[in-house]
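J.: using only what follows, build the 3D model:
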Amino acid sequence: MSAHAIERAALSAAYDTPLDRIDVSRPELFRTNSFWPYFARLRREDPVHYCSESAYGPYWSVTKYNDILHVDTNHQTYSSESHLGGIAIRDQQQDFLLPMFIAMDPPKHDRQRKVVSPIVAPENLARLEGTIRSRAAAILDELPVGETFDWVDRVSIELTTQMLATLFDFPFAERRKLTRWSDVATAIPGNGIVESEEQRRTELRACGEYFTRLWNERVNSEPGGDLISMMAHSEATRNMAPMEYLGNIILLIVGGNDTTRNSITGGVVALNENPDQYAKLRDDPGLIPGMVPEIIRWQTPLAHMRRTALADAELGGKTIRKGDKVVMWYVSGNRDEEVIENPNALIIDRARPRQHLSFGFGIHRCVGNRLAEMQLRIVWEEILKRFRNIEVVGEPERIYSNFVKGYATLPVRIAA
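T.: Have a look, this model is predicted:
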């Protein structure tokens, strides 16, 4: 089925479905990129929407920008705690609980986040810039010209995985293990990445064993500037239980991998879908710094974040009950017509390009957002030095997930 046919079918299905039967959590909607009309309808007709039956149990969908902002910045009412279910619509499994600072409330959240934040301090980003640029240049210089290849594998994964290996001081030759563990951590079993929950747990335990060896090396050495050494030598994190250490490692891997990697691919998709903007960019590469946050908005690499209500609360005229699951659909808020002008369009010279929800707000705002922006800026600067056009030559294969909004493959060709 063509993209236009999928679009028409999705539009029809979204408006033929009774409002109270709409379930935007179905991963298939994201794999087929057919979720847009469902969110457009919810924003218009029922911005705080209750779904009574889904694969993840009952949940509230928060779909408008300002309502999402309210939930995201109100951690006293809406909790991220892993023992309440965590930060995704799919509950954390209580018999394989992976506490991590994004799935904690203050004060413990604040103490643990503070440990790793120096890695993305301005002076450290300045030190990393040259490394990122030389690696981006090397990756781009090795790309085949005049033949089709997979942009996700050759560029997006390779660049982000090299960066992660640097931040962890991880054995560079084994860096693709990081990509695998990131994919496994967020995968829905039975859809190509892992076949079962047991396989997922086995691979994550192997990840924990690998990082425990690195921890033991670092804890017995002088404090270093990598993430493992920072955690091993900090009062707030050096006595973490093994599953809490693994949880934080998974958080840092996924946070440092999925968001940037899918925005690098999303940028190529976006510019191909908007050739006028691609031409504007070629004419003026000085637009790159503003284009980067616009791509991150347009892509929205994490479709949602979830909270659990700690008390009864009112939102958008609805009563949220204590214990209810509340899902903030960033992917919908980033297309809210009442807040963002012409939100479905990619406009690389928007007046306020950072007006988006992709990094979250409040205490859980993405700790690595400036690093992500820097990687994207550098990769586009290096692309424009080399290639006039990166042409998408087939439909992207999207990930089967309602959480990570990304790409498994993207066939492209660089003209000779």
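
J.: pLDDT weak spots in the chain?
T.: 1 (pLDDT under 70).

J.: quick one: the longest helix along the chain to chain centroid distance?
T.: Counting residues, the longest helix found in the chain (DSSP state H) is helix 242-273. Helix 242-273 sits 5 Å away from the centroid of its parent chain (CA atoms, centre = their mean, to the nearest Å).

J.: list the buried residues of it.
T.: Along helix 242-273, these residues count as buried under the neighbour rule (16 or more other CB atoms under 10 Å): 243-272. For glycine as for every other residue, the C-beta is placed from the backbone atoms N, C-alpha and C.

J.: now swap in stretch 187-198 and tell me
T.: Ala187, Ile188, Ile193, Val194.

J.: how far away from the center of its chain is the helix or strand following the longest helix of the chain?
T.: Helices and strands here follow DSSP states H and E; after helix 242-273, the next one along the chain is helix 275-283. Distance, stretch centre to chain centre, for helix 275-283: 26 Å (CA atoms, centre = their mean).

J.: what's the angle from helix 275-283 to helix 242-273?
T.: 100 degrees (axes from the mean of the first three to the mean of the last three CA atoms, to 10 degrees).

J.: ok, Val379 - contacts?
T.: For Val379, the contact set (CB atoms under 8 Å, 6 or more residues apart in numbering) comprises Ala136, Leu140, Val155, Leu159, Ile264.

J.: hang on, the second one is in a helix, isn't it?
T.: Yes. Assigned with DSSP: H, G, I helix; E, B strand; the rest coil, Leu140 falls within a helix.

J.: gap between it and Arg154?
T.: Distance of Leu140 to Arg154, given as CB to CB, to the nearest Å: 9 Å.

J.: ok, now Met163?
T.: Taking CB to CB, one finds Met163 at 16 Å from Arg154.

J.: what about the strands in the stretch 251-400 of the chain?
T.: In the stretch 251-400 of the chain, the strands defined using DSSP state E, counting those that start in this stretch lie at 305-309, 313-315, 318-320, 325-328, 390-392, 397-398.

J.: columns distance to Glu198 and mean neighbour count on top of the ones you listed, output as TSV?
T.: Shown next, in TSV, are the strands of the stretch 251-400 of the chain (distance: least, CB to CB, whole Å; neighbours: other CB atoms under 10 Å):
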stretch	distance to Glu198	mean neighbour count
strand 305-309	24	24
strand 313-315	38	15
strand 318-320	35	16
strand 325-328	25	24
strand 390-392	37	17
strand 397-398	26	17
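
J.: between those strands, which gets nearest to Thr131?
T.: Nearest to Thr131, of all the strands of the stretch 251-400 of the chain, is strand 390-392, at 23.3 Å by CB to CB.

J.: neighbouring strands - and their directions - for that closest one?
T.: Within its sheet, strand 390-392 is paired with strand 411-414 (antiparallel), according to DSSP bridges.

J.: just the C-alpha atoms of the strand it pairs with, please, in CSV.
T.: Only the C-alpha atoms of strand 411-414 are listed here, as CSV (Å, rounded to 0.1, in the frame of the first residue of the first chain):
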residue,chain,number,x,y,z
PRO,A,411,17.3,3.3,1.7
VAL,A,412,19.1,6.3,0.2
ARG,A,413,21.3,7.2,-2.7
ILE,A,414,23.9,9.9,-3.1
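
J.: what's in contact with that strand?
T.: 143-151, 268, 387, 389-394, 396.

J.: which of those residues are buried, as a ChimeraX select command?
T.: To isolate the buried ones among these in ChimeraX, judged by 16+ other CB under 10 Å, type:
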select :143,149,150,151,268,390,392,396
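
J.: among the contacts of strand 411-414, name the ones in helices.
T.: Trp151, Val268.

J.: give me the nearest residue to Arg200, chain neighbours excluded.
T.: Leaving aside its chain neighbours, Arg200 sits nearest to Val194 (4.5 Å; criterion: CB to CB, 6 or more residues apart in numbering).

J.: and what of Arg398?
T.: Arg31 (5.1 Å).

J.: so who does that neighbour touch?
T.: Residues near Arg31 by CB under 8 Å, 6+ apart: Arg398, Ile399, Tyr400, Ser401.

J.: tell me the most packed of these, by neighbour count.
T.: Counting neighbours by other CB atoms under 10 Å, Ile399 leads these with 24 neighbours.

J.: my read: that one touches Asn33, true?
T.: No. At 10.8 Å, Ile399 does not count as touching Asn33 under the criterion of CB atoms under 8 Å.

J.: distance to Ile414 for the strands of the stretch 251-400 of the chain - can I get that in a markdown table?
T.: Shown next, in a markdown table, are the strands of the stretch 251-400 of the chain (distance: least, CB to CB, whole Å):
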| stretch | distance to Ile414 |
| --- | --- |
| strand 305-309 | 36 |
| strand 313-315 | 48 |
| strand 318-320 | 50 |
| strand 325-328 | 38 |
| strand 390-392 | 6 |
| strand 397-398 | 20 |
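
J.: out of these, nearest to Asn369?
T.: That would be strand 305-309 among these, by CB to CB, at 14.2 Å.

J.: quick one: strands adjacent to the closest one?
T.: For strand 305-309, pairing defined by DSSP bridges yields strand 78-79 (antiparallel), strand 325-328 (antiparallel).

J.: now do it: distance to the chain's middle.
T.: Centroid displacement of strand 305-309 relative to its chain, using CA atoms, centre = their mean, is 17 Å.

J.: same check on stretch 312-319?
T.: Relative to the chain's own centre, stretch 312-319 is displaced by 28 Å; criterion: CA atoms, centre = their mean.

J.: list of residues touching it?
T.: Contacts to stretch 312-319, defined as CB under 8 Å, 6+ apart, come from residues 47-48, 50, 60, 62, 64, 67, 70-71, 77-78, 320-322, 326.

J.: buried subset of those residues?
T.: Using 16+ other CB under 10 Å, the buried ones in the contacts of stretch 312-319 are Pro47, Val48, Trp60, Val62, Lys64, Asp67, His70, Val71, Thr77, Tyr78, Ile320, Val326.
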